[in-house]
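Chemist: can you look at this prediction? I've put the sequence above it.
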Amino acid sequence: MLLEMLSYSFIQRALAAGMLIGVLCAVLGVFLILRRLSLIGDGLAHTTFGAVALALFAGLQGAAMLLVSLPVMLLAALGILKLANKARLGGDAAIGIVSSVGISLGVMLAVLGHGYGVDLFSYLFGSILAISQAELLVAATLFVIVLALLWFYYNDLVALTFNEELAAVSGIKVVFLNNLLAVLTALTVVLATKLVGIMLISALLILPASTALQVAHGFRMTVFLSIVFSLISVIGGIIFSFTFNLPSGATIILLAFLLFCCGYLFRKMNFCSNYSAQF
């Protein structure tokens, strides 16, 4: 059954794209959670609704949608940081403003542009099994770019994650790295739209990293386990969704949540055993 399923080209494309996006979400998720910026993923995910609606309103489909959605998302990511820093707003308020504008724009365009409700629905809740060869190529290209930037600035990002003030004193370009992290998150959110859908993107950024934080010791191990849990969720979710005719995005996220529950129970059991050993 599994071999027969893997013989289909659309399943191969779905697995390839899912693994690429899963790795990016896992790595970025660790940085975002430790920096208490996980809400930026949620805010950008909501803004994606407006970007996708704008692309559909312009008559774009598939990989061509990135011509509109990518610039919009990059501006939204930088806009959140600018609002937080220049308008004397907290990060949560800036995220709320940008995401609400994005959603409002999407709703307005959805009403004005009749006839693409089904397309918009697929982006809301994911349609990874319908990913095209061109979309896979774009995902692979952006995967290489994002991962290369994360690798190049890895040490600086780690320093920034654990102590921003010390990083600034040490000569690290804090403002640039904050902008870079926001931009990389925006790119990843756009890629993950087809995988799990706009409504569930933030969960893919948060759950694998949160699971890894339950069981890992050390930053590198946390990143590694986050990737492992993300890949298990994505691959298992795609297989289950195809086998049992379930929505792919929801299946992936529910599997990720199941892994989080297991990680949480493991930490609790480990804590209890260590506590008992002291007595």
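Modeler: Happy to help now that I have it.
Chemist: sketch out the low-pLDDT regions of the stretch 1-150 of the chain for me.
Modeler: 1-2, 62-63, 84, 86-91, 113-122, 124-126, 129 (pLDDT under 70).
Chemist: got the contact list for residue 33?
Modeler: 206, 209, 210, 213 (Cβ atoms under 8 Å, 6 or more residues apart in numbering). In short, each C-beta sits where N, CA and C put it, glycine included.
Chemist: farthest pair in the residues you listed?
Modeler: 206 and 213 (10.4 Å; Cβ to Cβ).
Chemist: looking at these two, which has the bigger crowd around it?
Modeler: A direct count of neighbours by other Cβ atoms under 10 Å for residue 206 and residue 213 places residue 206 higher, at 21 against 18.
Chemist: need the pLDDT of the more buried one.
Modeler: The model reports residue 206 with a pLDDT of 92.
Chemist: which residues touch it?
Modeler: Contacts of residue 206 (Cβ under 8 Å, 6+ apart): 29, 32, 33, 38, 41.
Chemist: name the element it belongs to?
Modeler: helix 201-215 (DSSP states H and E).
Chemist: residue 136 too?
Modeler: helix 133-152.
Chemist: can you give me the helices in the stretch 51-200 of the chain?
Modeler: Shown for the stretch 51-200 of the chain, the helices assigned by DSSP state H, counting those that start in this stretch span residues 66-86, 91-112, 117-125, 133-152, 154-162, 164-169, 174-196.
Chemist: quick check: the farthest pair among the contacts of residue 206?
Modeler: Taking Cβ to Cβ as the measure, the contacts of residue 206 have their most distant pair in 33 and 41, spaced 9.5 Å apart.
Chemist: tell me which residues touch residue 178, please.
Modeler: 81, 160.
Chemist: check the gap between it and residue 95 for me.
Modeler: 14 Å (Cβ to Cβ, to the nearest Å).
Chemist: please apply the same query to residue 3.
Modeler: 45 Å.
Chemist: again, but for residue 36
Modeler: Residue 36 is 12 Å from residue 95, by Cβ to Cβ.
Chemist: I'd like the contacts of residue 206 as TSV, with distance to residue 228 and secondary structure appended.
Modeler: Shown next, in TSV, are the contacts of residue 206 (distance: Cβ to Cβ, whole Å; DSSP: H, G, I helix; E, B strand; the rest coil):
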residue	distance to residue 228	secondary structure
29	13	helix
32	18	helix
33	16	helix
38	20	helix
41	20	helix
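Chemist: nearest to residue 168, of those residues?
Modeler: residue 32 (19.5 Å).
Chemist: look up the closest residue to that closest one, ignoring the ones flanking it.
Modeler: Of all residues not flanking residue 32 in the chain, residue 38 sits nearest, at 4.9 Å (Cβ to Cβ, 6 or more residues apart in numbering).
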